[in-house]
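*Asks:* Task: produce atomic coordinates for the following.
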Amino acid sequence: MNSGVRGLQSQYDDIWLVDGVRTPFADYNTVLGLVSPIDLGIKVAREVFRHSGVSPESVGSVVAGNMAQACFDAYVLPRHIGIYSGVPVEVPAHLVQRVCGTGIEAILQAADSIKLGRTELALVVGTESMSRNPVAAYTHRGGFRMGQVEFKDFLWEALLDPCPNVTMGGSAETLAKRYKISREEADQFAGDSFSRAIAAQKSCFLSGEIVPVVNETFEREGYNARGIRLPKKVESFSQDSHVRPSPLEVLAKLPPAFGGVQTGGNSSGIVDGAAATLVASSEFVRKQNKPPLAKVVAGAVVGVPPEIMGIGPVPAIQAVLEVSGLHLDQIDRVEINEAFAAQTLVCERELGLDHAKLNVNGGAIAIGHPLAATGVRLAVTLARELKRSNGRYGVASACIGGGQGIALLVENTQAETVRG
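*Replies:* Just a heads-up that it's a prediction; the model follows:
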């Protein structure tokens with residue numbers, strides 16, 4: 001559906017998020033640094049079935065999101081997540097990739113499949129190992145030429161968009177200059193993200209969506225076993241490790257990372273992790289014994305100039321509101337992925353968004369941004385927050401490297417009844 005917006009818009013009447021969980025997000029090269037993203041994905045898939053009480057036998061489609069090919073069996077990532085989580089072998093699986101919007105895109109593709117009548121229930125998983133991004137070479141299949149051996153850090157090089165010749169951080173600096181975002185404002189925004197995440201940890205809100213990662217073996221009869229092995233002396237990992245006290249005086253001392261207002265302290269944390277949700281039709285939901293997380297109302301994805309990719313959530317949110325017939329003042333909670341403080345501040349200002357409604361439990365600056373897992377986390381966190389705060393509508397959104405924006409609109413259909 002498209003009504004005046006150059007992009008993709010979708011509206012849904014019969015789609016629900018049944019349940020959702022995630023791993024804790026681990027700082028780069030720490031406790032999850034050696035764990036395959038496939039095994040992280042299997043972990044959350046198994047746990048979302050356990051947590052929801054839904055049988056994996058009921059799944060008709062597996063949609064998995066992943067960006068970096070961080071293991072040698074990456075080609076079969078979605079397939080193995082399905083197989084080792086107990087989904088019938090006959091059920092197909094496919095991979096989704098829309099950079100930082102991958103998790104939301106996976107939910108939208110599952111919703112589209114249900115809307116088309118292809119299935120009643122889809123398993124959606126976003127999983128990412130930033131630590132296992134490879135050191136790679138692309139030109140040596142035919143051998144090594146003298147002086148032309150070229151191995152590069154994939155994670156670092158992927159931050160550069162050669163189209164405008166601007167890094168992701170550089171695009172945030174462009175927005176900071178255009179909108180006159182100061183270093184102090186960026187640090188204040190980051191400090192707020194950390195404070196809110198700490199409060200959400202202390203109140204146990206975040207733990208409500210987190211499943212501890214432990215040493216574990218995943219088996220499927222007739223196939224080789226695989227699993228998770230944590231570092232020696234680590235028996236369990238149960239809390240986001242990037243969340244920490246970050247006073248302004250500490251943030252202010254950090255050096256610029258891209259020559260402007262952005263630093264390592266006010267940019268999204270580089271972390272490893274995975275998240276899963278179940279997307280279903282209302283007919284399937286009616287068969288369950290407990291209420292779903294939220295109704296999926298609409299989705300939108302749009303393109304923006306690559307050199308200011310961070311502005312993407314603005315037109316994406318506008319598009320999803322347009323297709324749903326809602327106004328921003330009707331939205332109770334908004335999650336915008338905090339790729340960078342400056343770009344999130346710009347989105348907040350451009351939309352005229354009340355900061356009190358934005359990322360109320362902290363964002364990616366505090367919690368971290370495992371690329372393909374982020375969108376699923378945003379959706380699950382948002383749905384849970386609407387239930388907690390008795391809000392009705394919420395939007396999850398993200399900017400996307402290469403110049404795109406994506407947004408998902410969900411509804412807590414119990415809100416009015418509870419307010420009654």
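*Asks:* how long is stretch 78-90 end to end?
*Replies:* End-to-end distance for stretch 78-90, by Cα to Cα, to the nearest Å: 14 Å.
*Asks:* Let me fix that, I meant to ask about stretch 79-90.
*Replies:* 11 Å.
*Asks:* Over to stretch 109-125?
*Replies:* Terminal-residue distance, stretch 109-125 (Cα to Cα): 12 Å.
*Asks:* Determine the three-state secondary structure at residue 307.
*Replies:* Put simply, residue 307 is helix when judged by DSSP: H, G, I helix; E, B strand; the rest coil.
*Asks:* Contact partners for it?
*Replies:* 161, 164, 166, 171, 174, 403 (Cβ atoms under 8 Å, 6 or more residues apart in numbering). Just so you know, the C-beta spots here come from the backbone N, C-alpha and C atoms, and that holds for glycine as well.
*Asks:* Helix or strand: which one has the residue of the chain positioned farthest from its centre?
*Replies:* In the chain, counting by Cα atoms, centre = their mean, residue 146 sits farthest out from the average C-alpha position, at 42.5 Å. Assigned by DSSP states H and E, residue 146 falls within no helix or strand.
*Asks:* For residue 245, see how far away it is.
*Replies:* 52 Å (Cβ to Cβ, to the nearest Å).
*Asks:* and what of residue 190?
*Replies:* 12 Å.
*Asks:* Those two: which is more packed in?
*Replies:* Comparing residue 190 with residue 245 by other Cβ atoms under 10 Å, the one with more neighbours is residue 190, at 27 against 9.
*Asks:* where's that one, which helix or strand?
*Replies:* Using DSSP H and E, residue 190 falls in helix 183-202.
*Asks:* Keeping just the C-alphas, turn that helix into CSV.
*Replies:* Only the C-alpha atoms of helix 183-202 are listed here, as CSV (Å, rounded to 0.1, in the frame of the first residue of the first chain):
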residue,chain,number,x,y,z
ARG,A,183,28.8,18.0,22.0
GLU,A,184,27.1,18.9,25.3
GLU,A,185,23.7,18.0,23.9
ALA,A,186,25.0,14.7,22.5
ASP,A,187,26.6,13.8,25.8
GLN,A,188,23.4,14.8,27.7
PHE,A,189,21.4,12.5,25.5
ALA,A,190,23.8,9.6,26.0
GLY,A,191,23.8,10.2,29.8
ASP,A,192,20.0,10.0,29.8
SER,A,193,20.1,6.8,27.8
PHE,A,194,22.4,5.2,30.3
SER,A,195,20.4,6.5,33.3
ARG,A,196,17.2,5.2,31.9
ALA,A,197,18.7,1.8,31.1
ILE,A,198,20.2,1.5,34.6
ALA,A,199,16.7,2.3,36.1
ALA,A,200,15.2,-0.3,33.8
GLN,A,201,17.7,-2.9,35.0
LYS,A,202,17.1,-2.0,38.7
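*Asks:* tell me which residues of that helix are tucked away?
*Replies:* 183, 185-194, 196-198, 200-201 (16 or more other Cβ atoms under 10 Å).
*Asks:* can you give me the mean pLDDT across the helix or strand following that helix?
*Replies:* For helix 183-202, the succeeding helix or strand toward the C-terminus, using DSSP H and E, is strand 213-214. Here strand 213-214 scores 98 as its mean pLDDT.
*Asks:* got it, and stretch 7-24?
*Replies:* Stretch 7-24 comes out at a mean pLDDT of 97.
*Asks:* for that stretch, which positions count as buried?
*Replies:* Applying 16+ other Cβ under 10 Å to stretch 7-24 flags 7-12, 14-24 as buried.
*Asks:* now the residue farthest from the centre of the chain: how far from residue 135?
*Replies:* As judged by Cβ to Cβ, residue 146 and residue 135 stand 21 Å apart.
*Asks:* Same question for residue 151.
*Replies:* 5 Å.
*Asks:* and residue 308, what is it in contact with?
*Replies:* 171, 174, 175, 178, 403.
*Asks:* Now the first one: which helix or strand?
*Replies:* This means residue 171. helix 168-178.
*Asks:* Run the angle between that helix and helix 183-202 for me.
*Replies:* 120 degrees (axes from the mean of the first three to the mean of the last three Cα atoms, to 10 degrees).
*Asks:* I'd like the average pLDDT over helix 168-178.
*Replies:* Mean predicted confidence for helix 168-178 is 98.
*Asks:* other SSEs contacting that helix?
*Replies:* strand 160-161, helix 341-351 (3 or more Cβ pairs under 8 Å, 6 or more residues apart in numbering; DSSP states H and E).
*Asks:* 7 Å - rerun?
*Replies:* Counting contacts by 3 or more Cβ pairs under 7 Å, 6 or more residues apart in numbering; DSSP states H and E, helix 168-178 packs against helix 341-351.
*Asks:* What are the contacting residues of the helix or strand just after the helix it packs on?
*Replies:* Next along the chain after helix 341-351, taking DSSP H and E as the criterion, comes helix 364-367. Helix 364-367 is contacted by residues 25, 190, 193-194, 197, 240, 242-243, 266-269, 337-339, 341, 374 when judged by Cβ atoms under 7 Å, 6 or more residues apart in numbering.
*Asks:* Using PDB, write out every CA atom in helix 364-367.
*Replies:* Extracted C-alpha coordinates of helix 364-367, given in PDB (Å, rounded to 0.1, in the frame of the first residue of the first chain):
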ATOM      1  CA  ALA A 364      21.400   1.400  21.900                       C
ATOM      2  CA  ILE A 365      23.900   3.900  23.400                       C
ATOM      3  CA  ALA A 366      23.400   2.200  26.700                       C
ATOM      4  CA  ILE A 367      22.200  -1.300  25.800                       C
END
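*Asks:* Any idea how far it is from the middle of the chain?
*Replies:* 12 Å (Cα atoms, centre = their mean, to the nearest Å).
*Asks:* buried residues in it?
*Replies:* 364, 365, 366, 367.
*Asks:* who's in contact with the residue nearest to residue 223 when sequence neighbours are not counted?
*Replies:* Distances taken as Cβ to Cβ, 6 or more residues apart in numbering put residue 83 closest to residue 223, at 6.9 Å, once the chain neighbours are dropped. Going by Cβ under 7 Å, 6+ apart, residue 83 touches 89, 220, 223.
*Asks:* Could you pick out the buried ones from those?
*Replies:* Judged by 16+ other Cβ under 10 Å, buried ones among the contacts of residue 83: residue 220.
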